[in-house]
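1. sequence and predicted structure below; questions after.
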Amino acid sequence: MKKLVIYSLMVILFTSFSTEHHYPIDGYTHSGIKRLKRLQLAKEGKLPDPGLPPGAYKSINDIRLHLRAEARDSVSKILTVDKELQQRINTLLPKLHKSYSITILDITNPQHTRYAQQNETAGYQPGSVGKLAVITALFEQLKTIYPKSWEKRVALLKNKKVKGGNWVLTDEHTIPVFDTVSNTLVKRQAVASDVFSLFEWADHTLSVSNNGAASVVWREALLMAAFKDKYPELTQEQADAYFKNTPKKDITDLAIAVVNEPLRTLGISQDEWRLGSFFTRGANTYVGDKGGSIGTPLGLMKWMLQLEQGKVIDQQSSLEIKRLMYMTDRRIRYAQAPELKEAAVYFKSGSLYKCDKTKDAACGKYKGNVYNYMNSVAIIEHKDGTTYMVCLMSNVLSKNSASEHLALASRIDKIIRTP
């Protein structure tokens with residue numbers, strides 16, 4: 001009887017934790033990201049249901065890196081084509097169609113991974129997927145400032161407040177601004193007077209793909225590199241003076257190095273993935289462009305693989321970046337596939353299109369007829385243990401690429417999950 005009572009209490013405690021302490025809700029205390037406080041109140045029934053899919057309620061403590069034990073294995077060894085999986089992917093995307101490129105890595109069994117690729121070295125304009133490189137740069141500089149203390153890095157992310165300034169101008173993407181006193185949410189464009197913590201700017205960068213926030217995060221990584229251990233106490237006036245008095249070429253060289261060198265450390269070549277310009281015109285007042293931007297499915301897969309190995313900066317940084325990728329405001333494009341509704345999805349997408357209405361009056365959003373880039377990076381974790389990662393990049397003219405990627409996500413999931 002005593003054993004039964006103890007067991008019952010354990011079940012109650014486990015159930016209570018499972019249903020009441022969901023991520024990203026339980027990430028608010030850790031990060032101070034106010035948007036997550038709103039989700040916590042919504043889950044408690046105090047605010048309207050945000051309508052997130054079931055797979056979006058994983059606990060912060062349950063998010064983990066799947067390949068830490070395989071960190072000793074080289075990228076080239078793991079990214080060796082599996083013939084059976086490759087045959088299935090070749091059927092999905094006929095080789096004659098060069099407008100699609102893809103890499104897929106099934107890590108359900110870490111000791112026996114499966115990999116397939118097609119047009120994997122083709123270069124695309126990375127668009128917002130490039131923001132993952134900016135977040136990587138941020139965590140690289142945090143480690144430089146506090147090489148021996150993860151706690152101090154998190155504290156800086158949570159407590160350091162910075163102003164957006166002209167760097168956020170302009171971007172059509174809105175940001176969620178939640179007032180924790182009145183419990184009201186406003187979704188609006190970022191403005192120059194906005195002040196957020198580094199953690200919140202990083203969240204705006206990935207959760208809603210705000211270009212202004214990405215430029216601010218890149219700027220702060222640049223300032224960290226310039227001021228090093230003096231950065232935590234850096235004032236707005238000192239930062240302004242730096243950009244006013246430092247030659248623009250010097251700032252540009254440092255900015256490009258800050259965001260690209262961590263990729264080179266991971267063995268990703270400049271032809272596989274690089275960034276050459278900020279995400280907003282406002283940033284161009286202070287920093288120039290250099291080298292252009294490009295992304296390939298192979299380069300991005302190398303990054304995702306090493307994220308799961310804990311090699312993107314270090315294990316703690318890799319895990320925190322993965323958490324940020326999980327905190328998307330809503331699922332769109334590839335991640336919106338109905339087959340992924342119950343799954344945890346760590347996701348980033350990017351698009352860039354251009355229309356010539358004289359050729360096709362129906363040309364529009366995500367259906368460019370001059371160019372029509374759509375890029376999706378995703379790590380999928382199903383409840384049954386099926387875990388895989390995908391980088392899908394395309395430039396298919398005059399088709400709705402958002403719908404195309406959603407449909408392909410469904411087909412890819414079926415391929416991976418079919419014995």
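-> That came through, no problem. Numbering: from 1, shown residues only.
2. how is this structure divided into domains?
-> By the assignment in automatic domain parsing, the chain contains the domains 1-62, 74-124+328-417, 127-295.
3. got the ones you listed as a markdown table, with mean pLDDT and distance to S317 columns?
-> Heads up, the C-betas are built off the backbone N, CA and C, glycines and all. Output for these, formatted as a markdown table (pLDDT from 0 to 100; distance: least, Cβ to Cβ, whole Å):
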| stretch | mean pLDDT | distance to S317 |
| --- | --- | --- |
| domain 1-62 | 67 | 14 |
| domain 74-124+328-417 | 92 | 15 |
| domain 127-295 | 96 | 4 |
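4. what's the closest of those domains to I321?
-> domain 127-295 (5.7 Å; Cβ to Cβ).
5. name the helix or strand for G385, please.
-> G385 belongs to no helix or strand when assigned by DSSP states H and E.
6. would you agree it is in contact with T108?
-> Yes: at 6.1 Å, G385 counts as touching T108 under the criterion of Cβ atoms under 8 Å.
7. who has more neighbours out of these two?
-> The neighbour comparison of G385 against T108 (other Cβ atoms under 10 Å) goes to T108, with 17 against 8.
8. tell me the SS of the more buried one?
-> Following DSSP: H, G, I helix; E, B strand; the rest coil, we place T108 in the coil state.
9. OK, contacts around it?
-> Contacts for T108 (Cβ atoms under 8 Å, 6 or more residues apart in numbering) come out as 385-388.
10. equivalent analysis for F278, please.
-> Neighbouring residues of F278 by Cβ under 8 Å, 6+ apart: 167, 214-215, 218, 255, 284, 287.
11. equivalent analysis for Q86, please.
-> Residues near Q86 by Cβ under 8 Å, 6+ apart: 116-117.
12. count the residues that sit near D329.
-> 20.
13. need phi/psi at it.
-> D329 adopts backbone torsions of phi -60, psi -40, taken as degrees, to the nearest 10.
14. all strands of the stretch 201-350 of the chain, in order?
-> Counting by DSSP state E, counting those that start in this stretch, the stretch 201-350 of the chain has strands at residues 273-274, 294-295, 344-354.
15. out of the contacts of T108, who has the most neighbours?
-> Counting by other Cβ under 10 Å, top hit in the contacts of T108: Y388 with 23 neighbours.
16. list the contacts for that residue?
-> 104-108, 379-380, 416.
17. so which helix or strand takes in L392?
-> strand 387-395.
18. pull up the pairing partners for that strand, direction included.
-> Paired neighbours of strand 387-395 in the sheet (DSSP bridges): strand 100-106 (antiparallel), strand 371-381 (antiparallel).
19. can you give me the offset of that strand from its chain's centre?
-> Put simply, strand 387-395 sits 13 Å off its chain's centre (Cα atoms, centre = their mean, to the nearest Å).
20. beyond that strand, next helix or strand please.
-> Following strand 387-395 toward the C-terminus (DSSP H and E): helix 401-417.
21. off-centre distance for that next one?
-> Taking mean C-alpha positions (Cα atoms, centre = their mean), helix 401-417 and its chain are 19 Å apart.
22. returning to that earlier point: just put the strands paired with strand 387-395 in TSV and tack on distance to C355 and mean neighbour count.
-> Output for those, formatted as TSV (distance: least, Cβ to Cβ, whole Å; neighbours: other Cβ atoms under 10 Å):
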stretch	distance to C355	mean neighbour count
strand 100-106	21	24
strand 371-381	9	24
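23. about what we covered before: from the contacts of F278, which two are the most distant?
-> Maximum distance among those (Cβ to Cβ): 13.9 Å, for A214 and N284.
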